[in-house]
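J.: predicted structure and sequence below. I'll ask about it afterward.
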Amino acid sequence: MSIDCIEMGSFGAPTPLSLQPPRLKVVSWNIARGSHFDAIRKFLINANADLVLLQESDRNCRRTEHRNVAKDIAKILGMHYVFGIEFQELGQGSRDSPAYHGQATLSRWPLAEPRIIRFRSQSKFWHSHWWIPPIAAFQRRIGGRMALLTHLVVENRSLMVYNLHLESRNANDLRYSQLAELLEDARQYDLNNEVLVAGDFNFDFTAITHNSAVQKAGFENPFATLSGLSTISSSSGQKRAIDWLLIRGAAKAQSARVHDSVKASDHYPLVLTLRL
């Protein structure tokens, strides 16, 4: 696979499903490569979501037993899935068997028109240099941060789904620039289209300046009032709010929750119900 390839698969129902009641349950979660696969699987089975957005999903990496994490989870959940490559992990595969890392979107309904938005603004931190060999300990990579866009049709309602992962290195200005690129892309869709943006933003989204930019683009943040709850616990024990889920359109958010008791990743799953 090249880093611009998109993998699609289907373990879901081949015919359209009826949504009764007219609510869509969404999970967004940075699963930290899928290292704790059994715990991730258990939570997602119990969550019984209609739409699942995963960040940091491994494909053929040694650290996750060469699993295709997105495909394996989709098969367990009986869902359609799309996987987009963020990076080729140079220290996790080989020349003949490359390893990848990226975002995956899973749905009970077929996913169409997938597209990768590779941000123009990127950190140089991950690049290989002659003094940094491409071995696992140094986490050298080819690729760049991106958003995976998919189109979901549920009972004649169109939902554009952006699954994003903003840069973890450098200053916030880089993350703000990447977010601005995504908001610019979303402007091509009529305001009557329902749009969902979710993922790992890598910064506290409750900053006034960025709430303003997002609101200007027509989005609301159902998790803003939950900013006192932590969405990530770092290895140092510090807790921050950096994972978010934004919506635009007629759908109304209900039951926003951060599952901060789940220990399957250094991030916590976000769960939201959309009333269509």
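T.: Perfect, thanks for sending it.
J.: report the contact partners of Ser57.
T.: When the contact criterion is Cβ atoms under 8 Å, 6 or more residues apart in numbering, the partners of Ser57 are Ile31, Arg33, Gly34, Val69, Ala70, Phe83, His101, Gly102, Gln103, Ala104. For every residue, glycine as well, the C-beta is placed using N, CA and C.
J.: nearest to Ala217 among those?
T.: Each of those was scored against Ala217 by Cβ to Cβ, and Gln103 proved nearest at 20.7 Å.
J.: from the middle of its chain, how far away would the strand or helix carrying that closest one be?
T.: Following DSSP states H and E, the helix or strand that holds Gln103 is strand 100-107. Computed by Cα atoms, centre = their mean, to the nearest Å, the chain-centroid distance of strand 100-107 equals 7 Å.
J.: which of the residues in the helix or strand following it are buried?
T.: Next along the chain after strand 100-107, taking DSSP H and E as the criterion, comes strand 111-118. Residues of strand 111-118 classed as buried: Leu111, Pro114, Ile116, Ile117, Arg118 (neighbour count, 16 or more other Cβ atoms under 10 Å).
J.: strand 111-118 pairs with which strands, parallel or anti?
T.: Sheet partners assigned to strand 111-118 using DSSP bridges are listed as strand 146-154 (antiparallel).
J.: what angle do the partner strand and strand 100-107 make?
T.: Orientation check (axes from the mean of the first three to the mean of the last three Cα atoms, to 10 degrees): strand 146-154 against strand 100-107 gives 20 degrees.
J.: buried residues in strand 146-154?
T.: Residues of strand 146-154 classed as buried: Met146, Ala147, Leu148, Leu149, Thr150, His151, Leu152, Val154 (neighbour count, 16+ other Cβ under 10 Å).
J.: just give me the closest of the residues you listed to Ile6.
T.: Distances from Ile6 to the buried residues of strand 146-154, taken as Cβ to Cβ, are shortest for Leu148 (7.8 Å).
J.: nearest spatial neighbour of the closest one, chain-adjacent residues omitted?
T.: Counting by Cβ to Cβ, 6 or more residues apart in numbering, the nearest residue to Leu148 once its immediate chain neighbours are dropped is Gly84, at 3.8 Å.
J.: run me through the strand neighbours of the helix or strand containing the one you found, direction for each.
T.: Gly84 belongs to strand 80-89 when assigned by DSSP H and E. Strands that pair with strand 80-89, judged by DSSP bridges, come out as strand 6-10 (antiparallel), strand 100-107 (antiparallel), strand 141-143 (antiparallel).
J.: from the chain's centroid, how far away is it?
T.: Average the C-alpha atoms of strand 80-89, do the same for its chain, and the two points are 10 Å apart (Cα atoms, centre = their mean).
J.: okay, that strand in CSV with CA atoms only?
T.: Below are the C-alpha coordinates for strand 80-89, written out as CSV (Å, rounded to 0.1, in the frame of the first residue of the first chain):
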residue,chain,number,x,y,z
HIS,A,80,-18.4,-1.6,7.4
TYR,A,81,-15.0,0.1,7.7
VAL,A,82,-12.6,2.5,6.1
PHE,A,83,-8.9,2.8,7.0
GLY,A,84,-6.7,5.7,6.0
ILE,A,85,-2.9,5.8,6.5
GLU,A,86,-1.4,8.5,8.6
PHE,A,87,2.1,7.2,8.7
GLN,A,88,4.2,4.3,7.5
GLU,A,89,6.0,3.1,10.6
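J.: Val82 contacts Pro110, correct?
T.: No: here Val82 lies out of contact with Pro110, judged by Cβ atoms under 8 Å, at a distance of 10.1 Å.
J.: these two - which one has more neighbours?
T.: For Val82 against Pro110, the residue with the higher neighbour count under other Cβ atoms under 10 Å is Val82, and the figures read 25 against 18.
J.: quickly list what the residue nearest to Leu148 is bridged to.
T.: When bridges are taken as DSSP bridges, the partners of Gly84 come out as Ile6, Gln103.
J.: isn't it right up against Pro114?
T.: Yes: applying Cβ under 8 Å as the test, Gly84 and Pro114 come out as touching, 6.9 Å apart.
J.: now do the shared contacts for the two.
T.: Between them, Gly84 and Pro114 share the neighbouring residues Ile6, Leu148, with contact defined by Cβ under 8 Å, 6+ apart.
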